[in-house]
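# Need a 3D model of the following:
(chains A, B, C and D)
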There are 2 protein chains.
Amino acid sequence: MMSKGLTKAPNGTAAKTRESMDPNQIYTRIFDAIVDHKLLPGTHLKEDELCDLFGVGRTRIRTALSRLSGDHVIELVANRGAFVARPSVEEAREVFRARRVIEGHLIRRAADMRDDAMHSALNDHLHTEDAARAAGDAARVIRRCGRYHQVLADQADSPIMARFVRELIARSSLIIAIYETGHHGDCEMDEHRQLSELVLQGKGEAAADLLDRHLTGIEDRLDLKPQGDPASDLRASLGFG
Amino acid sequence: MMSKGLTKAPNGTAAKTRESMDPNQIYTRIFDAIVDHKLLPGTHLKEDELCDLFGVGRTRIRTALSRLSGDHVIELVANRGAFVARPSVEEAREVFRARRVIEGHLIRRAADMRDDAMHSALNDHLHTEDAARAAGDAARVIRRCGRYHQVLADQADSPIMARFVRELIARSSLIIAIYETGHHGDCEMDEHRQLSELVLQGKGEAAADLLDRHLTGIEDRLDLKPQGDPASDLRASLGFG
DNA sequence: GTTAGCTAGATCGTATACAATCTTCGTATG
DNA sequence: CATACGAAGATTGTATACGATCTAGCTAAC
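Numbers count the residues shown, from 1 in each chain, chains lettered A, B, ... in the order given. All right, here's what the predicted structure looks like:
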């Protein structure tokens, strides 16, 4: 059952659902549920089930699933259906490498462009991140941490690369769901604050360096051992390693 | 009429078409037609017309169009349909900036990883590029030039970033279609050869520098003036500038 | 007891029909 | 003659029904 991950309406009433949702809204709802770890990697997203939940025909569901597949947050298997993606170790490493490359460029550029609007955007977000942490809502903290990187990427006036980063952040969330070890501090809160300060002081190189270490730190806290082929993987899983 | 850009079958017979094409094949055919400048920016891709051309129902066409839209090579306008994308000047500049960032990273990495397979892949492609140029087939030269960058990106064992590059190359082709000035040499052939040599010699930094200049050169050969709002743009187009 | 084959159920893939929307062209009116 | 209005045609958006494919569980044979 998936009703744990996707509720019919955000406020509890089913009113919005009756009025038929756009493919866009459906897409966003599922995307967010995946990023927020409400839908876990491997989950089978059955079309009929989603039809009931959202109160629409299969056509709209399929449109939404197609877009999600384009973002690589779900995998469309022929004649089997849609599954929440399960990034491999190799994919995981490349996602973080790509983030270092692209976000690194964007943060340098943002530092060169800093203005009042950027100041507000970055600080506003830090406040919501604080609030989430204070409330002790773990799911919200995860979401806010990811969002910080998105807000940062959005400051560089580079919508194309910001979209790439959006996909990479979503996939990072899946990666964390699969490979996280006990000791988080997924995104060290303080590092986010330092990043903002460096950007707003125009210290692009320093900001890029810190961002690189920040992302590498997240990656290092994951359990990304090279995993063997399925056969030996089975042996290892059964304790014959 | 669009039959100039999309022929029913590659060899002239209509046999393949009868057997019903996959959404995948349809997607690839349209994607290639756009990259090859057989379908020009702004072209309206009508669903019924495509149904006739490919001999399938609208469902498969829509699946293909949805994927193309995800690549941003076509634009899906609500209730109006699909149009070949017309990148703005701002988008054009960001596409080349993104290419410098991402391809720059990949070429450095490729240089660090060079092996026999890479040697063959790069040289094989240069030969097909030579052949196209010798045959004097302008369309094929354009296609091969774009493909070179794709082949290069594919050498860095980074499928995610290689996919980003694939989209950027396709959009570059649209940008060239719109903004090209008379004097091409779109991709200086000799620079491709030099790039391959530097990569295969493991000179990553030098290769990255040359690639940066190469891409900047292509961008500089375009007519990317800051374009005014539609109103003044019309005045300029009619010679009242 | 194990394995191969088979049947029934579930799920997705596609085509088609109908509804909603937009565009265009003709018409009437100022 | 120019402009606003309206109706017809064209095009896309959606739901639904049917067919294809896969999965699971059962039965039977070895």
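
# Would you mind giving the domain segments of chain A?
A:15-84, A:89-220 (automatic domain parsing).

# Let me have those domains in a markdown table, adding distance to residue B:65 as columns.
The way it works is simple: take the backbone N, C-alpha and C, and place the C-beta from them, glycine included. Formatted as a markdown table, the domains of chain A follow (distance: least, C-beta to C-beta, whole Å):
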| stretch | distance to residue B:65 |
| --- | --- |
| domain A:15-84 | 10 |
| domain A:89-220 | 19 |
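
# Relative to DNA strand D, which of those is closest?
Minimum separation from DNA strand D across the domains of chain A (C-beta to the nearest atom of the strand) falls at domain A:15-84, 2.8 Å.

# Could I get the average pLDDT for that closest one?
Averaging pLDDT along domain A:15-84 yields 91.

# Could you see whether DNA strand D lies near it?
Yes. Shown here: domain A:15-84 in contact with DNA strand D (C-beta under 7 Å from any atom of the strand) through A:20, A:22, A:23, A:56, A:57, A:58, A:59, A:60, A:63, A:78, A:79, A:80.

# Can you turn the buried part of the residues you listed into a PyMOL selection?
Buried residues within the residues of domain A:15-84 next to DNA strand D, by 16 or more other C-beta atoms under 10 Å in any protein chain shown, are selected in PyMOL with:
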select buried, chain A and resi 23+56+60+63
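
# Intersect the residues of domain A:15-84 next to DNA strand D with the contacts of chain B.
residue A:63 (C-beta under 8 Å from any C-beta of the partner chain).

# Which one of the residues of domain A:15-84 next to DNA strand D is nearest to residue B:190?
Distance to residue B:190, by C-beta to C-beta, is smallest for residue A:78 among the residues of domain A:15-84 next to DNA strand D, at 44.4 Å.

# Kindly calculate the angle that whichever strand or helix holds residue A:111 makes with helix B:89-113.
For residue A:111, the host element (DSSP states H and E) is helix A:89-113. Angle, helix A:89-113 to helix B:89-113, by axes from the mean of the first three to the mean of the last three C-alpha atoms, to 10 degrees: 130 degrees.

# What parts of chain A come near DNA strand D?
Contacts of chain A with DNA strand D, taken as C-beta under 7 Å from any atom of the strand, map to A:20, A:22, A:23, A:56, A:57, A:58, A:59, A:60, A:63, A:78, A:79, A:80.

# Can I get those residues in CSV including secondary structure?
Shown next, in CSV, are the residues of chain A next to DNA strand D (DSSP: H, G, I helix; E, B strand; the rest coil):
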residue, secondary structure
A:20, coil
A:22, coil
A:23, helix
A:56, coil
A:57, coil
A:58, helix
A:59, helix
A:60, helix
A:63, helix
A:78, coil
A:79, coil
A:80, coil
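
# rewinding a little: what's the offset of the helix holding residue A:111 from the middle of its chain?
With C-alpha atoms, centre = their mean, to the nearest Å as the basis, helix A:89-113 stands 14 Å off its chain's centre.

# Give the buried residues for whatever helix or strand comes next after that helix.
Sequence-wise, the next helix or strand downstream of helix A:89-113 (DSSP H and E) is helix A:116-135. Neighbour-count burial for helix A:116-135 flags A:118, A:121, A:122, A:125, A:126, A:129, A:132 (criterion: 16+ other C-beta under 10 Å).

# Might you report the residue contacts of the residue nearest to residue A:23 when sequence neighbours are not counted?
Among residues not flanking residue A:23 along the chain, residue A:63 sits closest, at 4.0 Å (C-beta to C-beta, 6 or more residues apart in numbering or on different chains). With C-beta atoms under 8 Å, 6 or more residues apart in numbering or on different chains as the criterion, the residues that contact residue A:63 are A:23, A:26, A:27, B:66.

# cool, and residue A:119?
So residue A:119 contacts residue A:200 (C-beta under 8 Å, 6+ apart).

# correct me, but residue A:102 touches residue B:100?
No. Contact between residue A:102 and residue B:100 fails when scored by C-beta atoms under 8 Å: they sit 11.9 Å apart.

# More neighbours: which of the two?
The neighbour count for residue A:102 versus residue B:100, taken as other C-beta atoms under 10 Å in any protein chain shown, is higher for residue A:102 (24 against 19).

# ok, the more buried one to residue A:34 distance?
Note on residue A:102: its distance to residue A:34, by C-beta to C-beta, to the nearest Å, is 21 Å.

# One more: residue A:206?
To residue A:34, residue A:206 is 34 Å away according to C-beta to C-beta.

# same deal with residue A:72?
As judged by C-beta to C-beta, residue A:72 and residue A:34 stand 11 Å apart.

# Kindly report the same for residue A:55.
In this structure, residue A:55 and residue A:34 are 21 Å apart, going by C-beta to C-beta.

# Contact distance from chain B - what residues of chain A qualify?
So chain A meets chain B at A:63, A:66-67, A:70, A:72, A:91, A:94-95, A:97-98, A:101-102, A:105, A:158-161, A:164, A:168 (C-beta under 8 Å from any C-beta).

# What subset of the residues you listed is buried?
Buried members of these, scored by 16+ other C-beta under 10 Å, are A:63, A:66-67, A:70, A:72, A:91, A:94-95, A:97-98, A:101-102, A:105, A:158, A:160-161, A:164, A:168.

# which residues does the most centrally placed residue in chain A contact?
In chain A, the C-alpha nearest the mean C-alpha coordinate belongs to residue A:170, at 2.5 Å (C-alpha atoms, centre = their mean). By C-beta under 8 Å, 6+ apart, the contact list for residue A:170 reads A:31, A:34, A:35, A:71, A:73, A:146.

# Counting neighbours, what do you get for the closest residue to the third one other than its chain neighbours?
So that's residue A:35. Ranked by C-beta to C-beta, 6+ apart and with sequence neighbours excluded, the top spatial neighbour of residue A:35 is residue A:173, at 4.7 Å. By the measure other C-beta under 10 Å, the count of residues near residue A:173 is 20.

# DNA strand C versus the residue lying closest to residue A:180 once chain neighbours are set aside, what's the distance?
Nearest residue to residue A:180 in three dimensions, chain neighbours excluded: residue A:222, at 6.3 Å (C-beta to C-beta, 6+ apart). Separation of residue A:222 from DNA strand C (C-beta to the nearest atom of the strand, to the nearest Å) stands at 30 Å.

# cool, and residue A:205?
For residue A:205, the distance to DNA strand C - C-beta to the nearest atom of the strand - is 48 Å.

# cool, and residue A:117?
For residue A:117, the distance to DNA strand C - C-beta to the nearest atom of the strand - is 32 Å.

# Residue A:67 now?
Relative to DNA strand C, and taking C-beta to the nearest atom of the strand, residue A:67 is found at 14 Å.

# I'd assumed residue A:27 was in contact with that residue.
Yes. The pair residue A:67 and residue A:27 qualifies as a contact (C-beta under 8 Å) at a distance of 5.0 Å.

# excluding its backbone neighbours, what's nearest residue A:21?
residue A:54 (5.3 Å).

# follow-up on the earlier one: quick one: which helix or strand includes the residue nearest to the centre of chain A?
Element membership for residue A:170 (DSSP H and E) is helix A:159-179.

# Kindly export that helix (C-alpha atoms) in CSV.
Output in CSV follows, covering the C-alpha atoms of helix A:159-179 (Å, rounded to 0.1, in the frame of the first residue of the first chain):
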residue,chain,number,x,y,z
PRO,A,159,18.0,28.2,-15.6
ILE,A,160,19.3,25.3,-17.8
MET,A,161,22.1,24.3,-15.3
ALA,A,162,19.7,25.0,-12.4
ARG,A,163,17.4,22.4,-13.9
PHE,A,164,20.2,19.9,-14.2
VAL,A,165,21.0,20.5,-10.5
ARG,A,166,17.3,20.0,-9.7
GLU,A,167,17.5,16.5,-11.1
LEU,A,168,20.8,15.8,-9.4
ILE,A,169,19.4,16.9,-6.0
ALA,A,170,16.4,14.7,-6.4
ARG,A,171,18.6,11.8,-7.3
SER,A,172,20.8,12.6,-4.3
SER,A,173,17.8,12.2,-2.1
LEU,A,174,17.2,8.7,-3.5
ILE,A,175,20.8,7.9,-3.1
ILE,A,176,20.7,9.0,0.6
ALA,A,177,17.6,6.9,1.1
ILE,A,178,19.4,3.8,-0.1
TYR,A,179,23.0,4.3,1.1
